[in-house]
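Novice: everything below, folded, please.
(chains A, B, C and D)
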Protein chains: 4
Amino acid sequence: MTTHTTEQSAHGYSANKEAHLKRLRRIEGQARGLQRMIEEDKYCIDVLTQVSAMTSALEAVALSLLDEHLRHCVAHAVAEGGEVAETKIAEASAAIARLVKS
Amino acid sequence: MTTHTTEQSAHGYSANKEAHLKRLRRIEGQARGLQRMIEEDKYCIDVLTQVSAMTSALEAVALSLLDEHLRHCVAHAVAEGGEVAETKIAEASAAIARLVKS
Amino acid sequence: MTTHTTEQSAHGYSANKEAHLKRLRRIEGQARGLQRMIEEDKYCIDVLTQVSAMTSALEAVALSLLDEHLRHCVAHAVAEGGEVAETKIAEASAAIARLVKS
Amino acid sequence: MTTHTTEQSAHGYSANKEAHLKRLRRIEGQARGLQRMIEEDKYCIDVLTQVSAMTSALEAVALSLLDEHLRHCVAHAVAEGGEVAETKIAEASAAIARLVKS
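Specialist: Residues are numbered from 1 along each chain as shown, chains lettered A, B, ... in the order given. Prediction:
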(Lines give C-alpha, C1' and ligand atoms only; values in the text may rest on other atoms or scores of the structure.)
Protein backbone atom coordinates (compact mmCIF):
# COMPACT_ATOMS: atom_id res chain seq x y z
CA MET A 1 0.00 0.00 0.00
CA THR A 2 0.94 3.60 -0.47
CA THR A 3 0.85 6.83 1.48
CA HIS A 4 -2.70 8.03 1.44
CA THR A 5 -4.83 9.95 3.83
CA THR A 6 -7.39 7.97 5.78
CA GLU A 7 -10.48 9.67 4.39
CA GLN A 8 -11.05 8.41 0.86
CA SER A 9 -12.89 11.25 -0.75
CA ALA A 10 -10.79 14.06 -2.13
CA HIS A 11 -8.45 12.46 -4.63
CA GLY A 12 -7.20 14.10 -7.74
CA TYR A 13 -9.61 12.27 -9.99
CA SER A 14 -12.76 12.85 -7.92
CA ALA A 15 -14.05 15.66 -10.12
CA ASN A 16 -13.92 13.44 -13.20
CA LYS A 17 -15.04 10.23 -11.56
CA GLU A 18 -17.91 9.71 -13.99
CA ALA A 19 -15.68 10.22 -17.01
CA HIS A 20 -13.18 7.65 -15.71
CA LEU A 21 -15.91 5.13 -14.92
CA LYS A 22 -17.37 5.55 -18.40
CA ARG A 23 -13.98 4.92 -20.01
CA LEU A 24 -13.38 1.87 -17.83
CA ARG A 25 -16.80 0.44 -18.65
CA ARG A 26 -15.94 0.79 -22.32
CA ILE A 27 -12.60 -0.95 -21.68
CA GLU A 28 -14.44 -3.75 -19.83
CA GLY A 29 -16.63 -4.05 -22.95
CA GLN A 30 -13.48 -4.31 -25.08
CA ALA A 31 -12.27 -7.19 -22.88
CA ARG A 32 -15.59 -8.97 -23.46
CA GLY A 33 -15.45 -8.22 -27.17
CA LEU A 34 -12.00 -9.84 -27.33
CA GLN A 35 -13.32 -13.00 -25.67
CA ARG A 36 -16.10 -13.10 -28.26
CA MET A 37 -13.57 -12.73 -31.07
CA ILE A 38 -11.52 -15.64 -29.71
CA GLU A 39 -14.64 -17.80 -29.22
CA GLU A 40 -15.72 -17.09 -32.81
CA ASP A 41 -12.20 -17.87 -34.11
CA LYS A 42 -11.67 -14.44 -35.59
CA TYR A 43 -8.48 -13.83 -37.49
CA CYS A 44 -5.43 -13.35 -35.21
CA ILE A 45 -4.41 -10.02 -36.70
CA ASP A 46 -7.92 -8.61 -36.18
CA VAL A 47 -7.77 -9.76 -32.54
CA LEU A 48 -4.35 -8.10 -32.16
CA THR A 49 -5.66 -4.85 -33.61
CA GLN A 50 -8.36 -4.83 -30.92
CA VAL A 51 -5.79 -5.59 -28.20
CA SER A 52 -3.74 -2.58 -29.38
CA ALA A 53 -6.86 -0.37 -29.29
CA MET A 54 -7.66 -1.55 -25.77
CA THR A 55 -4.08 -0.92 -24.62
CA SER A 56 -4.25 2.63 -25.99
CA ALA A 57 -7.57 3.19 -24.19
CA LEU A 58 -6.02 2.01 -20.92
CA GLU A 59 -3.03 4.27 -21.44
CA ALA A 60 -5.35 7.22 -21.94
CA VAL A 61 -7.03 6.44 -18.59
CA ALA A 62 -3.64 6.24 -16.90
CA LEU A 63 -2.41 9.53 -18.38
CA SER A 64 -5.59 11.28 -17.35
CA LEU A 65 -5.45 9.92 -13.76
CA LEU A 66 -1.81 10.94 -13.56
CA ASP A 67 -2.48 14.46 -14.81
CA GLU A 68 -5.15 14.93 -12.15
CA HIS A 69 -2.88 13.43 -9.52
CA LEU A 70 -0.18 15.98 -10.36
CA ARG A 71 -2.71 18.83 -10.37
CA HIS A 72 -4.20 17.93 -6.99
CA CYS A 73 -2.38 15.50 -4.70
CA VAL A 74 1.14 16.43 -5.78
CA ALA A 75 0.39 20.16 -5.96
CA HIS A 76 -1.10 20.02 -2.42
CA ALA A 77 1.88 18.14 -1.06
CA VAL A 78 4.30 20.57 -2.69
CA ALA A 79 2.43 23.50 -1.14
CA GLU A 80 2.86 21.84 2.27
CA GLY A 81 6.50 21.23 1.44
CA GLY A 82 9.04 19.16 3.36
CA GLU A 83 9.06 15.41 3.46
CA VAL A 84 5.44 15.02 2.30
CA ALA A 85 6.27 16.80 -0.96
CA GLU A 86 9.39 14.70 -1.40
CA THR A 87 7.45 11.46 -0.88
CA LYS A 88 4.63 12.38 -3.24
CA ILE A 89 7.00 13.29 -6.04
CA ALA A 90 9.04 10.11 -5.61
CA GLU A 91 5.78 8.15 -5.67
CA ALA A 92 4.56 9.92 -8.83
CA SER A 93 7.92 9.31 -10.55
CA ALA A 94 7.73 5.61 -9.70
CA ALA A 95 4.20 5.43 -11.14
CA ILE A 96 5.36 7.19 -14.33
CA ALA A 97 8.25 4.70 -14.64
CA ARG A 98 5.80 1.77 -14.33
CA LEU A 99 3.60 3.29 -17.04
CA VAL A 100 6.49 3.92 -19.41
CA LYS A 101 7.72 0.34 -18.94
CA SER A 102 4.30 -1.37 -19.05
CA MET B 1 -10.86 -6.25 -42.52
CA THR B 2 -7.80 -8.29 -43.25
CA THR B 3 -6.77 -11.17 -45.41
CA HIS B 4 -8.14 -14.29 -43.80
CA THR B 5 -9.43 -17.53 -45.14
CA THR B 6 -13.17 -17.94 -45.21
CA GLU B 7 -13.41 -20.83 -42.78
CA GLN B 8 -12.92 -19.47 -39.27
CA SER B 9 -11.52 -22.46 -37.48
CA ALA B 10 -7.82 -23.03 -37.89
CA HIS B 11 -6.15 -19.92 -36.60
CA GLY B 12 -2.85 -19.86 -34.86
CA TYR B 13 -4.34 -19.48 -31.43
CA SER B 14 -6.96 -22.22 -31.72
CA ALA B 15 -4.98 -24.77 -29.73
CA ASN B 16 -4.72 -22.40 -26.79
CA LYS B 17 -8.17 -20.91 -27.02
CA GLU B 18 -9.08 -21.78 -23.45
CA ALA B 19 -5.87 -20.27 -22.08
CA HIS B 20 -6.52 -17.00 -23.97
CA LEU B 21 -10.12 -16.85 -22.82
CA LYS B 22 -9.05 -17.41 -19.22
CA ARG B 23 -6.53 -14.56 -19.43
CA LEU B 24 -9.08 -12.25 -21.03
CA ARG B 25 -11.67 -13.07 -18.36
CA ARG B 26 -9.09 -12.13 -15.73
CA ILE B 27 -8.41 -8.87 -17.62
CA GLU B 28 -12.15 -8.18 -17.75
CA GLY B 29 -12.13 -8.69 -13.98
CA GLN B 30 -9.29 -6.18 -13.67
CA ALA B 31 -11.37 -3.64 -15.61
CA ARG B 32 -14.22 -4.15 -13.14
CA GLY B 33 -11.82 -3.96 -10.20
CA LEU B 34 -10.58 -0.59 -11.48
CA GLN B 35 -14.14 0.74 -11.63
CA ARG B 36 -14.66 -0.37 -8.03
CA MET B 37 -11.44 1.40 -6.98
CA ILE B 38 -12.59 4.64 -8.61
CA GLU B 39 -16.08 4.33 -7.07
CA GLU B 40 -14.54 3.80 -3.63
CA ASP B 41 -12.17 6.76 -4.12
CA LYS B 42 -9.03 4.69 -3.78
CA TYR B 43 -5.74 6.51 -3.86
CA CYS B 44 -4.69 7.58 -7.41
CA ILE B 45 -1.30 5.88 -7.28
CA ASP B 46 -2.88 2.57 -6.25
CA VAL B 47 -5.30 2.88 -9.19
CA LEU B 48 -2.36 3.61 -11.53
CA THR B 49 -0.50 0.55 -10.25
CA GLN B 50 -3.50 -1.59 -11.20
CA VAL B 51 -3.72 0.05 -14.62
CA SER B 52 -0.04 -0.82 -15.23
CA ALA B 53 -0.68 -4.44 -14.15
CA MET B 54 -3.64 -4.66 -16.50
CA THR B 55 -1.62 -3.18 -19.39
CA SER B 56 1.11 -5.79 -18.81
CA ALA B 57 -1.51 -8.57 -18.77
CA LEU B 58 -2.90 -7.32 -22.10
CA GLU B 59 0.58 -7.16 -23.57
CA ALA B 60 1.18 -10.77 -22.53
CA VAL B 61 -2.00 -11.80 -24.38
CA ALA B 62 -0.85 -9.90 -27.46
CA LEU B 63 2.63 -11.43 -27.45
CA SER B 64 1.21 -14.89 -27.04
CA LEU B 65 -1.30 -14.43 -29.90
CA LEU B 66 1.46 -13.05 -32.08
CA ASP B 67 3.81 -15.94 -31.33
CA GLU B 68 1.10 -18.42 -32.33
CA HIS B 69 0.30 -16.38 -35.42
CA LEU B 70 3.95 -16.58 -36.53
CA ARG B 71 4.09 -20.32 -35.78
CA HIS B 72 0.95 -21.15 -37.73
CA CYS B 73 -0.54 -18.60 -40.13
CA VAL B 74 2.75 -16.97 -41.15
CA ALA B 75 4.63 -20.28 -41.32
CA HIS B 76 1.86 -21.74 -43.54
CA ALA B 77 1.89 -18.74 -45.83
CA VAL B 78 5.67 -18.85 -46.11
CA ALA B 79 5.48 -22.54 -47.02
CA GLU B 80 3.05 -21.61 -49.81
CA GLY B 81 5.37 -18.78 -50.80
CA GLY B 82 4.75 -16.01 -53.31
CA GLU B 83 2.44 -13.12 -52.73
CA VAL B 84 0.54 -14.79 -49.88
CA ALA B 85 3.74 -15.05 -47.84
CA GLU B 86 4.63 -11.45 -48.64
CA THR B 87 1.20 -10.23 -47.52
CA LYS B 88 1.19 -12.23 -44.28
CA ILE B 89 4.59 -10.96 -43.25
CA ALA B 90 3.74 -7.34 -44.06
CA GLU B 91 0.56 -7.78 -42.01
CA ALA B 92 2.45 -9.30 -39.06
CA SER B 93 5.02 -6.47 -39.16
CA ALA B 94 2.24 -3.88 -39.11
CA ALA B 95 0.66 -5.62 -36.10
CA ILE B 96 4.02 -5.66 -34.30
CA ALA B 97 4.46 -1.94 -35.01
CA ARG B 98 1.02 -1.22 -33.52
CA LEU B 99 1.92 -3.22 -30.41
CA VAL B 100 5.27 -1.50 -29.95
CA LYS B 101 3.63 1.91 -30.29
CA SER B 102 0.55 1.19 -28.16
CA MET C 1 9.49 26.17 -28.10
CA THR C 2 8.16 25.93 -24.60
CA THR C 3 7.69 28.17 -21.60
CA HIS C 4 11.08 28.61 -20.04
CA THR C 5 12.74 31.41 -18.18
CA THR C 6 15.27 33.44 -20.11
CA GLU C 7 18.31 32.59 -18.01
CA GLN C 8 19.37 29.05 -18.83
CA SER C 9 21.04 27.94 -15.66
CA ALA C 10 18.77 26.66 -12.92
CA HIS C 11 16.92 23.74 -14.43
CA GLY C 12 15.81 20.68 -12.57
CA TYR C 13 18.61 18.54 -13.90
CA SER C 14 21.47 20.98 -13.25
CA ALA C 15 22.66 19.23 -10.09
CA ASN C 16 23.07 15.94 -11.96
CA LYS C 17 24.37 17.36 -15.20
CA GLU C 18 27.51 15.22 -15.18
CA ALA C 19 25.53 12.03 -14.54
CA HIS C 20 23.21 12.80 -17.46
CA LEU C 21 26.11 13.62 -19.78
CA LYS C 22 27.83 10.38 -18.83
CA ARG C 23 24.72 8.35 -19.61
CA LEU C 24 24.23 10.13 -22.93
CA ARG C 25 27.85 9.55 -23.92
CA ARG C 26 27.31 5.85 -23.24
CA ILE C 27 24.13 5.96 -25.37
CA GLU C 28 26.09 7.69 -28.16
CA GLY C 29 28.58 4.82 -27.88
CA GLN C 30 25.72 2.33 -28.21
CA ALA C 31 24.62 4.09 -31.42
CA ARG C 32 28.13 3.70 -32.79
CA GLY C 33 28.27 0.07 -31.64
CA LEU C 34 25.06 -0.62 -33.55
CA GLN C 35 26.55 0.83 -36.73
CA ARG C 36 29.56 -1.44 -36.29
CA MET C 37 27.28 -4.45 -35.84
CA ILE C 38 25.44 -3.63 -39.06
CA GLU C 39 28.70 -3.04 -40.95
CA GLU C 40 30.04 -6.39 -39.74
CA ASP C 41 26.77 -8.14 -40.69
CA LYS C 42 26.02 -9.31 -37.19
CA TYR C 43 22.98 -11.48 -36.68
CA CYS C 44 19.69 -9.50 -36.77
CA ILE C 45 18.47 -10.74 -33.40
CA ASP C 46 21.72 -9.68 -31.72
CA VAL C 47 21.36 -6.22 -33.28
CA LEU C 48 17.76 -6.04 -32.03
CA THR C 49 18.84 -6.98 -28.51
CA GLN C 50 21.25 -4.04 -28.55
CA VAL C 51 18.54 -1.71 -29.87
CA SER C 52 16.29 -2.77 -26.96
CA ALA C 53 19.11 -2.14 -24.48
CA MET C 54 19.69 1.31 -25.97
CA THR C 55 15.98 2.13 -25.83
CA SER C 56 15.90 1.16 -22.15
CA ALA C 57 18.94 3.35 -21.46
CA LEU C 58 17.23 6.30 -23.17
CA GLU C 59 14.07 5.71 -21.16
CA ALA C 60 16.10 5.76 -17.95
CA VAL C 61 17.53 9.17 -18.94
CA ALA C 62 14.03 10.45 -19.67
CA LEU C 63 12.60 9.19 -16.36
CA SER C 64 15.45 10.74 -14.44
CA LEU C 65 15.12 14.13 -16.21
CA LEU C 66 11.39 14.04 -15.58
CA ASP C 67 11.79 13.24 -11.89
CA GLU C 68 14.12 16.20 -11.46
CA HIS C 69 11.79 18.41 -13.46
CA LEU C 70 8.92 17.55 -11.10
CA ARG C 71 11.12 18.10 -8.03
CA HIS C 72 12.37 21.51 -9.16
CA CYS C 73 10.61 23.33 -12.00
CA VAL C 74 7.12 21.98 -11.31
CA ALA C 75 7.48 22.26 -7.52
CA HIS C 76 8.64 25.91 -7.91
CA ALA C 77 5.77 26.75 -10.22
CA VAL C 78 3.25 25.10 -7.87
CA ALA C 79 4.66 27.14 -4.97
CA GLU C 80 4.08 30.30 -7.03
CA GLY C 81 0.61 29.03 -7.91
CA GLY C 82 -1.86 30.43 -10.40
CA GLU C 83 -1.48 30.15 -14.13
CA VAL C 84 2.25 29.36 -14.03
CA ALA C 85 1.55 26.21 -11.99
CA GLU C 86 -1.27 25.24 -14.32
CA THR C 87 0.95 25.64 -17.38
CA LYS C 88 3.87 23.71 -15.93
CA ILE C 89 1.70 20.76 -14.95
CA ALA C 90 -0.02 20.65 -18.35
CA GLU C 91 3.41 20.74 -19.95
CA ALA C 92 4.74 17.93 -17.74
CA SER C 93 1.65 15.79 -18.47
CA ALA C 94 2.15 16.28 -22.20
CA ALA C 95 5.81 15.23 -21.88
CA ILE C 96 4.76 12.13 -19.90
CA ALA C 97 2.22 11.24 -22.60
CA ARG C 98 4.92 11.53 -25.29
CA LEU C 99 7.19 9.23 -23.26
CA VAL C 100 4.50 6.63 -22.67
CA LYS C 101 3.64 6.61 -26.37
CA SER C 102 7.21 6.67 -27.71
CA MET D 1 25.02 -15.46 -28.40
CA THR D 2 22.31 -16.67 -30.67
CA THR D 3 21.81 -19.18 -33.40
CA HIS D 4 23.43 -17.75 -36.50
CA THR D 5 25.18 -19.28 -39.43
CA THR D 6 28.93 -18.98 -39.48
CA GLU D 7 29.21 -16.86 -42.60
CA GLN D 8 28.20 -13.31 -41.69
CA SER D 9 26.93 -11.99 -44.96
CA ALA D 10 23.37 -12.85 -45.83
CA HIS D 11 21.26 -11.46 -43.03
CA GLY D 12 17.81 -10.10 -43.48
CA TYR D 13 18.91 -6.50 -43.36
CA SER D 14 21.83 -6.79 -45.78
CA ALA D 15 19.96 -5.31 -48.73
CA ASN D 16 19.15 -2.17 -46.76
CA LYS D 17 22.42 -1.87 -44.90
CA GLU D 18 23.07 1.67 -46.08
CA ALA D 19 19.60 2.82 -45.07
CA HIS D 20 20.08 1.36 -41.56
CA LEU D 21 23.52 2.92 -41.19
CA LYS D 22 22.16 6.30 -42.25
CA ARG D 23 19.40 6.10 -39.65
CA LEU D 24 21.82 5.05 -36.94
CA ARG D 25 24.21 7.89 -37.80
CA ARG D 26 21.29 10.29 -37.42
CA ILE D 27 20.45 8.68 -34.07
CA GLU D 28 24.08 9.05 -33.00
CA GLY D 29 23.78 12.73 -33.92
CA GLN D 30 20.65 12.98 -31.76
CA ALA D 31 22.62 11.54 -28.82
CA ARG D 32 25.26 14.24 -29.33
CA GLY D 33 22.58 16.91 -29.71
CA LEU D 34 21.11 15.86 -26.35
CA GLN D 35 24.50 16.23 -24.68
CA ARG D 36 24.79 19.73 -26.13
CA MET D 37 21.31 20.61 -24.82
CA ILE D 38 22.26 19.44 -21.32
CA GLU D 39 25.60 21.31 -21.45
CA GLU D 40 23.80 24.50 -22.52
CA ASP D 41 21.19 24.05 -19.76
CA LYS D 42 18.28 23.85 -22.16
CA TYR D 43 14.83 23.60 -20.67
CA CYS D 44 14.01 20.08 -19.31
CA ILE D 45 10.83 19.68 -21.33
CA ASP D 46 12.67 20.54 -24.57
CA VAL D 47 15.30 17.92 -23.70
CA LEU D 48 12.55 15.37 -23.00
CA THR D 49 10.90 16.10 -26.35
CA GLN D 50 14.19 15.28 -28.07
CA VAL D 51 14.57 12.08 -26.03
CA SER D 52 11.09 11.01 -27.19
CA ALA D 53 11.99 11.76 -30.81
CA MET D 54 15.18 9.73 -30.48
CA THR D 55 13.30 6.81 -28.89
CA SER D 56 10.82 6.81 -31.80
CA ALA D 57 13.71 6.85 -34.30
CA LEU D 58 15.27 3.84 -32.56
CA GLU D 59 11.95 2.01 -32.57
CA ALA D 60 11.65 2.61 -36.31
CA VAL D 61 15.09 1.02 -36.82
CA ALA D 62 14.04 -1.97 -34.69
CA LEU D 63 10.75 -2.47 -36.55
CA SER D 64 12.51 -2.28 -39.90
CA LEU D 65 15.21 -4.79 -38.85
CA LEU D 66 12.54 -7.10 -37.50
CA ASP D 67 10.47 -6.92 -40.68
CA GLU D 68 13.50 -7.88 -42.75
CA HIS D 69 14.37 -10.63 -40.29
CA LEU D 70 10.89 -12.13 -40.71
CA ARG D 71 11.07 -11.81 -44.51
CA HIS D 72 14.47 -13.47 -44.81
CA CYS D 73 15.89 -15.43 -41.87
CA VAL D 74 12.56 -16.62 -40.46
CA ALA D 75 11.07 -17.33 -43.90
CA HIS D 76 14.18 -19.38 -44.82
CA ALA D 77 14.05 -21.34 -41.59
CA VAL D 78 10.34 -22.02 -42.03
CA ALA D 79 11.00 -23.30 -45.56
CA GLU D 80 13.58 -25.70 -44.09
CA GLY D 81 11.09 -26.65 -41.41
CA GLY D 82 11.67 -28.76 -38.33
CA GLU D 83 13.58 -27.62 -35.31
CA VAL D 84 15.35 -24.77 -37.09
CA ALA D 85 12.02 -23.14 -37.89
CA GLU D 86 10.84 -23.66 -34.32
CA THR D 87 13.98 -22.05 -32.92
CA LYS D 88 13.90 -19.06 -35.25
CA ILE D 89 10.28 -18.27 -34.45
CA ALA D 90 10.83 -18.60 -30.70
CA GLU D 91 13.81 -16.27 -31.06
CA ALA D 92 11.83 -13.73 -33.09
CA SER D 93 8.99 -13.81 -30.53
CA ALA D 94 11.45 -13.18 -27.71
CA ALA D 95 12.92 -10.21 -29.60
CA ILE D 96 9.42 -8.81 -30.19
CA ALA D 97 8.65 -9.17 -26.47
CA ARG D 98 11.82 -7.25 -25.59
CA LEU D 99 10.85 -4.49 -28.02
CA VAL D 100 7.31 -4.21 -26.69
CA LYS D 101 8.59 -4.02 -23.12
CA SER D 102 11.52 -1.64 -23.77
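
Novice: mind telling me what element the most centrally placed residue in chain A is part of?
Specialist: Nearest residue to the geometric centre of chain A (C-alpha atoms, centre = their mean): A:Ala62, 2.7 Å. Assigned by DSSP states H and E, A:Ala62 belongs to helix A:44-69.

Novice: ok, that helix near chain D or not?
Specialist: No - judged by C-beta under 8 Å from any C-beta of the partner chain, helix A:44-69 makes no contact with chain D; its nearest approach is 9.9 Å. Where you see a C-beta, it was placed from the backbone N, CA and C, and this is true even at glycine.

Novice: quick one: stretch A:59-79 near chain C?
Specialist: Yes - Stretch A:59-79 reaches chain C (C-beta under 8 Å from any C-beta) through A:Glu59, A:Ala62, A:Leu63, A:Leu66, A:Asp67, A:Leu70, A:Arg71, A:Val74, A:Ala75, A:Val78, A:Ala79.

Novice: the closest residue to the first one other than its chain neighbours sits in which helix or strand?
Specialist: By that I understand A:Glu59. Of all residues beyond its chain neighbours, the one nearest A:Glu59 is C:Val100 (5.9 Å), with distances taken as C-beta to C-beta, 6 or more residues apart in numbering or on different chains. Take DSSP H and E as the rule and C:Val100 turns out to sit in helix C:82-101.

Novice: next one: the lowest-mean-pLDDT helix or strand in chain A to chain centre, how far?
Specialist: Within chain A, no helix or strand scores below helix A:75-80, which has a mean of 89 by mean pLDDT, DSSP states H and E. Relative to its parent chain, helix A:75-80 has a centroid offset of 22 Å by C-alpha atoms, centre = their mean, to the nearest Å.

Novice: anything in that helix near chain B?
Specialist: No - with C-beta under 8 Å from any C-beta as the criterion, chain B is not reached by helix A:75-80; the gap is at least 11.8 Å.

Novice: returning to what we had before: wouldn't the residue nearest to A:Glu59 be in contact with A:Val61 here?
Specialist: No - judged on C-beta atoms under 8 Å, C:Val100 makes no contact with A:Val61 at a distance of 11.6 Å.

Novice: looking at the two, which is more packed in?
Specialist: The residue with more neighbours, out of C:Val100 and A:Val61, is A:Val61; 24 against 19, by other C-beta atoms under 10 Å in any protein chain shown.

Novice: list the contacts for the more buried one?
Specialist: A:His20, A:Arg23, A:Leu24, A:Ile27, B:Leu34, B:Val51 (C-beta atoms under 8 Å, 6 or more residues apart in numbering or on different chains).
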